[in-house]
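Q: Mind looking at a prediction? Sequence and model below.
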Amino acid sequence: MPPTADLPCTRHARSRMQQRGIPPSLVDRVLRYGREVHDHHGAIVVMMDRAARTRMARDGESRGVALDRLRGVYVVLATDGTIRTVGHRTRRLRHH
C-alpha cells in the first residue's frame, strides 16, 4: 500500500489525524500491516490486531514505542480507497 501522503484523504480524516495525534506514519503502518474488516455499511476498517503486530515484528518494523502507539489505532476506508477517518479504538469491535 502506498504511503499515506499518496492516498486520497478526506478533510475530515486529516482533521481527525491532527486532533487525535495520529501521524501519517502510523496510518501508513496500519494500512500496510493491519487487518481489514468490512463494516457492512460500505466501508473497510483496517485495524492492528495481534497478527498484524506479529507481521510487523517479522519485517523488523516493531520498535517498542512505535508498536505501543499503534495499539488500538484504526483507519476507515471508503470502497474507492479514500481514507474517511482515523481513531483509537476504545471498545472491542463486534463481528457480525
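A: Done, it's in.

Q: for the closest residue to residue 79 other than its chain neighbours, phi and psi?
A: Once flanking residues are discounted, residue 79 sits nearest to residue 42: 6.1 Å by CB to CB, 6 or more residues apart in numbering. In short, each C-beta sits where N, CA and C put it, glycine included. Dihedral pair for residue 42: phi 90, psi 20, per degrees, to the nearest 10.

Q: Give me the number of neighbouring residues for residue 42.
A: Residues contacting residue 42 under the criterion other CB atoms under 10 Å number 8.

Q: cool, the one 10 residues further on as well?
A: When counting by other CB under 10 Å, one arrives at 18 neighbours for residue 52.

Q: ok, it touching residue 36?
A: No. If you go by CB atoms under 8 Å, residue 52 and residue 36 don't touch, sitting 10.2 Å apart.

Q: what does the model give the residue nearest to residue 79 for pLDDT?
A: Residue 42 is assigned a predicted lDDT (pLDDT) of 88.

Q: Distance check, it against residue 71.
A: Counting by CB to CB, to the nearest Å, the gap between residue 42 and residue 71 amounts to 27 Å.

Q: ok, back up a step: against residue 11, how distant is the residue nearest to residue 79?
A: 19 Å.

Q: Likewise for residue 86?
A: On the measure of CB to CB, residue 86 and residue 11 end up 13 Å apart.

Q: Tell me where the chain has helices.
A: 11-20, 24-33, 50-58, 64-70 (DSSP state H).

Q: which stretch among those helices comes nearest residue 76?
A: Closest approach to residue 76 among the helices of the chain (CB to CB): helix 11-20, 8.0 Å.

Q: Just give the closest residue to residue 33, not the sequence neighbours.
A: Nearest non-adjacent residue to residue 33, counting by CB to CB, 6+ apart: residue 52, 4.5 Å away.

Q: ok, back up a step: more crowded one of residue 86 and residue 11?
A: The neighbour comparison of residue 86 against residue 11 (other CB under 10 Å) goes to residue 86, with 24 against 7.
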